[in-house]
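Chemist: let me see the structure of the following:
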Amino acid sequence: MTSVGITQPGESSSTTITVDGYDQPIFPDSGSTLSALPTALFNELLAYFPDAVSQGGGTYTVPCSYRTQAGSIDFGFGGTVIRVNYHEWFWFDGAECWFGAQSADSTWTLGGSLLIQELK
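Modeler: Now for the predicted structure:
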């Protein structure tokens, strides 16, 4: 993964939150709903959602209203950018909405929210 950015609702372009030259090995994991991101990157991304609530274990819930907003989390892989819209990124479990990633100290993965988006 060479970049991560966010396109906030009402914005026409992505704000990159990684530095130039970013190069993070990351594994696709279709068996996981949530992605596991390096802690520093996770914290930078989470900061855009100040009303996220920790549920322990590095997971966060968010207001489900985010799923109806026209924003995206943008993952770069060389010259390709995959934009995961908020509706896909914020996972609804039938009762609550979850931030699409959790922090991890090792073994970084991209879970179902990103992989399903790519298959569409």
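Chemist: buried sites along the host helix or strand of residue 84?
Modeler: Assigned by DSSP states H and E, residue 84 belongs to strand 80-85. In terms of neighbour count (16 or more other CB atoms under 10 Å), strand 80-85 has its buried residues at 82, 83, 84, 85. The C-beta positions use only the backbone N, C-alpha and C, and glycine is treated the same way.
Chemist: for it, which strands pair with it and how are they oriented?
Modeler: Strand 80-85 sits in its sheet next to strand 72-77 (antiparallel), going by DSSP bridges.
Chemist: buried residues of the partner strand, list them for me.
Modeler: Using 16+ other CB under 10 Å as the test for burial, strand 72-77 gives 72, 73, 74, 75, 76.
Chemist: of those residues, closest to residue 54?
Modeler: residue 73 (19.1 Å; CB to CB).
Chemist: if I look at the closest one, how far off is residue 102?
Modeler: Distance, residue 73 to residue 102, using CB to CB, to the nearest Å: 14 Å.
Chemist: only alpha carbons, please: show the strand holding residue 84 as PDB.
Modeler: Output of strand 80-85 as PDB, limited to C-alpha atoms (Å, rounded to 0.1, in the frame of the first residue of the first chain):
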ATOM      1  CA  THR A  80      -4.200   2.700  -8.600                       C
ATOM      2  CA  VAL A  81      -6.500   4.200  -5.900                       C
ATOM      3  CA  ILE A  82      -9.400   2.200  -4.500                       C
ATOM      4  CA  ARG A  83     -12.000   4.500  -3.000                       C
ATOM      5  CA  VAL A  84     -14.100   2.700  -0.400                       C
ATOM      6  CA  ASN A  85     -17.300   4.700   0.100                       C
END
